[in-house]
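Chemist: dropping a prediction and its sequence here:
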Amino acid sequence: MAAKVCCYSYKGLTFNRGLYYRFVQMTLTHPVKYLCIFLCIWLVSCTEVQKKPEISQSVTAEGTVTAALSDTSALAAFSSTTSGIVVQDVTKGAPLFRLSHQDPVTNLVTLLNFSSDGQFLVSADLRHVGLWQLSDGKNLGFWSMQEGITVRDIAVSAQGKHIVIAQNDGKIQHITLKTGRRLEFLGHTRDVNAVDHNVNSVAISPNGRYVLSGGNDYKSYLWDSETGQVLHSFTHPSRVIKVALDNQGRFLFSADSRKQAEIYDVRTGNKISQLQIERSMSFSAARFSDDGKWLITGSPAQQVVIWDVATGKRVHEWLVTPNPNSRPANALVYDVAFSTQGQPVTVSSVGLVELWKP
């Protein structure tokens, strides 16, 4: 019997495209030397001191494996090696639930993602994916990978209706919970010259119909989960490591492992802007603001940046609190979001939720 598939619209999207030193020797006089020294000291003194967060909230002290924020940052979820998955009410600074795939003491959950409405959480270890209902912490199901297949990334739609599982073999599963329907997207498996077919990042539209994915084949694809049809494809000079979809159906973000990070129009596939990156920079998190003006990103090297969507220019920049025990001091930014008041919020490998003032 054919499974019934519900139809959705995503902000009126219409697509027509098919499936798929030289060193200069100088001698300085003493006055010039003193002037240079003075200018150096003056410049250092005028450099802006790194801002500290307005609020810093600790969830777990050590052993953080991964973390995620809900869209309005009201909830945070942390996976640690000692406490399983902790879901925290950020507004109250109190834990709501403690969840685990198996024994929380040996918890190996490495991926977490909230639905856009903040009502559901999807989690994954290397071989298993779990879905949780956040009204009561109830588990709604577990999915296991075939032998030799590992989970690379996950996403869940609003109301927990659909989940997406990216795999190391280049395949992506789109699962509709109500009907059990599965669609397997094979776009990232086509390049026979690719070193491997790992899919590194996936994002899903709130209604669950549209998926954005990026992988080691140097490609990112926007595709329709009802048909498997590729709506737009984007080619990078290196492997794609992070993608993000705007919840309002206006923009998408695609970034590779070097310096190409771009924002596109979802409907047309045309490039809107390219992030003005001054040096090599990678991304571990990305999210669009509700008004569509800003993109906030996080990196594996503490860095959080807000970018102007229209121009790709940096607007604000911070460094999250580093781990004092690491040498050099560092922290990985797991996720970023904007609060309901529009303030940047971050979660990092130090086990902190931090609120920043632009």
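Modeler: Okay, I see it.
Chemist: give me the neighbour count for residue 78.
Modeler: The tally of other residues near residue 78 (other C-beta atoms under 10 Å) stands at 27. For glycine as for every other residue, the C-beta is placed from the backbone atoms N, C-alpha and C.
Chemist: from memory it sits against residue 95, does it?
Modeler: No: at 9.5 Å, residue 78 and residue 95 do not qualify as touching, with contact defined as C-beta atoms under 8 Å.
Chemist: can you tell me the closest non-neighbouring residue to residue 345?
Modeler: Residue nearest to residue 345 in three dimensions, not counting chain neighbours: residue 73, with 3.9 Å by C-beta to C-beta, 6 or more residues apart in numbering.
Chemist: hmm, I typed the wrong one, I wanted residue 195.
Modeler: Among residues not flanking residue 195 along the chain, residue 216 sits closest, at 6.4 Å (C-beta to C-beta, 6+ apart).
Chemist: just to be sure, residue 188 is in a helix?
Modeler: Yes: secondary structure of residue 188 (DSSP: H, G, I helix; E, B strand; the rest coil): part of a helix.
Chemist: so who does the residue nearest the centre of the chain touch?
Modeler: Per C-alpha atoms, centre = their mean, the C-alpha nearest to the average position across the chain is that of residue 285, at 3.2 Å. By C-beta atoms under 8 Å, 6 or more residues apart in numbering, the contact list for residue 285 reads 242, 297-298, 333-336.
Chemist: then residue 223?
Modeler: Counting by C-beta under 8 Å, 6+ apart, residue 223 makes contact with 185, 187, 210-213, 229-231.
Chemist: from the residues you listed, list the buried ones, please.
Modeler: Neighbour counting with 16 or more other C-beta atoms under 10 Å marks 185, 187, 210-213, 230-231 as buried within the contacts of residue 223.
Chemist: just say helix, strand or coil for residue 169.
Modeler: When classified by three-state DSSP, residue 169 comes out as coil.
Chemist: measure it to residue 194 for me?
Modeler: 11 Å (C-beta to C-beta, to the nearest Å).
Chemist: show me where the stretch 1-150 of the chain has its strands.
Modeler: When secondary structure is read from DSSP state E, counting those that start in this stretch, the stretch 1-150 of the chain shows strands at 55-58, 64-69, 75-80, 84-89, 94-99, 111-114, 120-124, 128-133, 138-144.
Chemist: what about these, which gets the closest to residue 153?
Modeler: Proximity to residue 153, assessed across those by C-beta to C-beta, is greatest for strand 111-114 (6.4 Å).
Chemist: name the nearest of the contacts of residue 285 relative to residue 141.
Modeler: Nearest to residue 141 among these, with distances taken as C-beta to C-beta, is residue 335, at 23.4 Å.
Chemist: about what we covered before: who touches the residue nearest to residue 195 in this structure?
Modeler: With contacts defined as C-beta under 8 Å, 6+ apart, the neighbours of residue 216 are 188, 194-200, 239-240.
Chemist: check residue 245 too.
Modeler: Counting by C-beta under 8 Å, 6+ apart, residue 245 touches 203-205, 210, 212, 251-253, 266, 288.
Chemist: quick check, nearest of those to residue 340?
Modeler: Distances from residue 340 to the contacts of residue 245, taken as C-beta to C-beta, are shortest for residue 288 (15.2 Å).
Chemist: I'd say that closest one and residue 294 touch.
Modeler: Yes: between residue 288 and residue 294 there is a contact at 7.2 Å, judged by C-beta under 8 Å.
Chemist: shared neighbours, these two?
Modeler: residue 309.
Chemist: which of those two has more neighbours?
Modeler: Each of residue 288 and residue 294 has its neighbours counted (other C-beta under 10 Å); residue 288 has more, 23 against 20.
Chemist: give me the pLDDT for the residue lying closest to that one once chain neighbours are set aside.
Modeler: Excluding the flanking residues, the one nearest residue 288 by C-beta to C-beta, 6+ apart is residue 246, at 4.2 Å. Model confidence at residue 246, given as pLDDT, is 97.
Chemist: can you give me the helices in the chain?
Modeler: For the chain, the helices defined by DSSP state H cover 30-46.
Chemist: residue ranges with poor pLDDT in it?
Modeler: The model of the chain has pLDDT under 70 over residues 1-50, 61-62, 103-107.
Chemist: neighbours of residue 233, how many?
Modeler: Counted with other C-beta under 10 Å, residue 233 comes out at 15.
Chemist: for residue 273, see how far away it is.
Modeler: From residue 233 to residue 273 the distance is 19 Å (C-beta to C-beta).
Chemist: try residue 175
Modeler: Distance from residue 175 to residue 273, counting by C-beta to C-beta: 34 Å.
Chemist: higher neighbour count, these two?
Modeler: Using other C-beta under 10 Å as the criterion, residue 175 and residue 273 rank with residue 175 on top: 21 against 18.
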